[in-house]
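Q: got a predicted structure here, sequence first:
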Amino acid sequence: MGKHYIPNSAHKEEMLREIGFKSIEDLFSDVPKGFVKEFNLPEGKSEYEVFLEMNEIVNKNKTVLEMPTFLGAGAYFHYVPAHVKYLIERSEFITSYTPYQAEISQGMLQALFEYQSLIGELVGLEIVNASMYDWGTALGEAARMAARVKKKNKFVVPKHIHPERNMVLKTFVEGADIEIEYVKWNEKGQMDLEELKEKAKNAAGVYVELPNFFGIIEEQIKEIGEIAHENDALFVVGVDPTILGIIEAPGSLGADIVVGEASFLGSALNFGGPRAGIFATKNERALIRQMPGRIIGMTRDAEGKRAFVMTLQTREQHIRRAKATSNICSNEALVAVAAAIHLASLGPKGLKNLGEIILKNTAYFKKRLSEVAEIPFDAINFKDVPATFEIPYPIIHERLLERGIHGGFYLKPYFPELDESALLAVTETTRREWIDELVRNIGEIINEAEL
């Protein structure tokens, strides 16, 4: 039993005969020369030999615990309490996929309901879905949703949008024939309101990031929202949840839709993923029915006991078919649960304390960084700080790596107006002696390069 599922050579020959070929070469004979390559794989090894080889490769990596790291730009090292990982490894969470069968998925459904409730309170909006893939895909879905709701095909974003989110947005809107308009930044690195007033005309949605890609807190959020609403556009705010303990919730500032990155809470860096995207909106039927993803609700079962169900899943192709609001295939349920556990553990006071520590660290970092670089914008920063250097930044970056320090994100390829600039970041985990060490080393590298 089971032999039919082993792809050995005898079965290959049988399969080739069945479809009318004598060899693998004949099967691929119509592929142009040069496209079919030999793999030249080495001889097989035992499991232990493979383990040793993989361990050698893994040990070449340096983690954020082994070297001071100032690379932010959308991926940050936050401390995640030990109990978060322990709890999400419980079998009822870690083995769960999509909880279609509510009667056997009550634990996961309840956890996601609590995630929605916590995020709703945090962002100041009533309706939250049970997560998106990440911030970028949530933004893409928000643009498409705005176009459907307002029946217009223009979406306005800041020119200083996160470059990766910008690329995802472009991909999402291309097939829907939505035009993206970009608004320049002003002398403070914030969205230029005068240009926005012009660009927002006939827009379906206006988007702003909080903080923006330069790490700057947009001080004119209400005004941006008012301009959006004056032009009958939805106001979309992208937010880092770790800042929401110290600033007003986007919902109370006029946001119609809030997107963001839930995985800044509860998840490690993990080489960039997995992540979980926030998507929240106002409690208005026109918005809810066009919302992507699924919403978990609380109800009563036949015996009158509390129960949880998937209340709304308008994106689902198997239910809505061509009328589905989105073609996403899943969400990031486990990462969302991790965010909920971390958020519940922090509570309002803990989240406020986290935000204050990051804000203070950023202020100290910015002050010290100004000793060896020019800070292009006079504004309040959170986590990320842009800095312009006297010599090409890649030189600084390479020499910092040689000294066991990871520098920042090179801005010039994306924003050439900023010349030799980089975006460097800190969080609550950044020690002040690391900042001092970074500044000292940058100063030495610049002096050596100028000699």
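A: Here it is on my side, so go on. Residues are numbered from 1 along each chain as shown.
Q: what about Glu444, distance to Ile396?
A: 10 Å (Cβ to Cβ, to the nearest Å). C-beta: built from backbone N, CA, C; applies to glycine.
Q: more crowded one of the two?
A: Higher neighbour count among Glu444 and Ile396: Ile396, with 25 against 13, using other Cβ atoms under 10 Å.
Q: what ranges do the strands span in the protein?
A: Secondary structure of the chain (DSSP state E): strands located at 127-128, 154-158, 179-183, 205-210, 234-239, 257-261, 277-281, 295-300, 306-312, 384-388, 409-410, 421-425.
Q: next, format those as CSV and append mean pLDDT, distance to Val439 and mean neighbour count.
A: Shown next, in CSV, are these (pLDDT from 0 to 100; distance: least, Cβ to Cβ, whole Å; neighbours: other Cβ atoms under 10 Å):
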stretch, mean pLDDT, distance to Val439, mean neighbour count
strand 127-128, 96, 41, 23
strand 154-158, 98, 29, 26
strand 179-183, 98, 34, 17
strand 205-210, 97, 27, 26
strand 234-239, 98, 30, 27
strand 257-261, 97, 29, 30
strand 277-281, 96, 34, 28
strand 295-300, 92, 47, 16
strand 306-312, 89, 51, 16
strand 384-388, 97, 10, 24
strand 409-410, 97, 18, 20
strand 421-425, 98, 10, 25
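Q: for those strands, give me a markdown table that also has distance to Arg440.
A: Below are those laid out as a markdown table (distance: least, Cβ to Cβ, whole Å):
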| stretch | distance to Arg440 |
| --- | --- |
| strand 127-128 | 45 |
| strand 154-158 | 34 |
| strand 179-183 | 38 |
| strand 205-210 | 32 |
| strand 234-239 | 34 |
| strand 257-261 | 32 |
| strand 277-281 | 38 |
| strand 295-300 | 51 |
| strand 306-312 | 54 |
| strand 384-388 | 15 |
| strand 409-410 | 21 |
| strand 421-425 | 15 |
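Q: for the chain, longest helix please?
A: Looking across the chain with DSSP state H, the single longest helix is helix 333-369.
Q: distance between that one and the chain's centre?
A: 16 Å (Cα atoms, centre = their mean, to the nearest Å).
Q: again, but for stretch 186-203
A: 25 Å.
Q: show me which residues of that stretch are buried.
A: Buried residues in stretch 186-203, defined by neighbour count with 16 or more other Cβ atoms under 10 Å: Lys188, Gly189, Gln190, Met191, Asp192, Glu195, Leu196, Lys199, Ala200, Ala203.
Q: just the ones of those residues in helices?
A: Glu195, Leu196, Lys199.
Q: identify the residue spatially nearest to the second one, adjacent ones excluded.
A: What it means is Leu196. Once flanking residues are discounted, Leu196 sits nearest to Val183: 4.9 Å by Cβ to Cβ, 6 or more residues apart in numbering.
Q: low-confidence ranges in the chain?
A: 1-10, 96-98, 314-321, 327-330, 451 (pLDDT under 70).
Q: 80 - rerun?
A: In the predicted model of the chain, residues 1-11, 33-40, 92, 94-104, 272, 312-331, 450-451 satisfy pLDDT under 80.
Q: per-domain residue ranges of it.
A: 3-58, 82-343, 348-450 (automatic domain parsing).
Q: most tightly packed of the ones you listed?
A: Mean neighbours per residue, mean count of other Cβ atoms under 10 Å, is largest over these for domain 82-343, with a mean of 20.
Q: before we move on, the earlier item: wait, the residue nearest to Leu196 touches Lys159, no?
A: Yes. Applying Cβ atoms under 8 Å, one finds Val183 in contact with Lys159, separated by 6.2 Å.
Q: before we move on, the earlier item: export the buried residues of stretch 186-203 to TSV and tack on distance to Phe214?
A: Compiled in TSV, the buried residues of stretch 186-203 are given as follows (distance: Cβ to Cβ, whole Å):
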residue	distance to Phe214
Lys188	10
Gly189	5
Gln190	9
Met191	11
Asp192	14
Glu195	17
Leu196	17
Lys199	19
Ala200	21
Ala203	23
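Q: closest to Glu174 among the residues you listed?
A: Lowest distance from Glu174 to the buried residues of stretch 186-203 (Cβ to Cβ) belongs to Ala203, with 17.6 Å.
Q: now do the contacts for the closest one.
A: Neighbouring residues of Ala203 by Cβ atoms under 8 Å, 6 or more residues apart in numbering: Lys152, Lys154, Phe155, Val156, Glu181, Ala228, Asn231, Ala233.
Q: try it again with 6 Å
A: Lys154, Val156, Asn231, Ala233 (Cβ atoms under 6 Å, 6 or more residues apart in numbering).
Q: Leu334 now?
A: By Cβ under 6 Å, 6+ apart, the residues touching Leu334 are Ile88.
Q: can you check Leu122 too?
A: By Cβ under 6 Å, 6+ apart, the contact list for Leu122 reads Leu244.
Q: can I get stretch 83-98 as CSV, trimmed to CA atoms?
A: The C-alpha coordinates for stretch 83-98 follow below in CSV (Å, rounded to 0.1, in the frame of the first residue of the first chain):
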residue,chain,number,x,y,z
HIS,A,83,4.1,34.4,28.0
VAL,A,84,2.9,35.6,24.6
LYS,A,85,4.9,32.9,22.8
TYR,A,86,3.8,30.3,25.3
LEU,A,87,0.1,31.0,24.9
ILE,A,88,0.1,31.1,21.1
GLU,A,89,1.8,27.7,21.1
ARG,A,90,-1.3,26.1,22.7
SER,A,91,-2.7,23.6,20.3
GLU,A,92,-6.1,25.2,19.9
PHE,A,93,-4.4,28.3,18.5
ILE,A,94,-1.3,27.1,16.6
THR,A,95,-3.1,24.3,14.7
SER,A,96,-6.0,26.6,13.7
TYR,A,97,-6.5,27.8,10.2
THR,A,98,-9.7,29.5,9.2
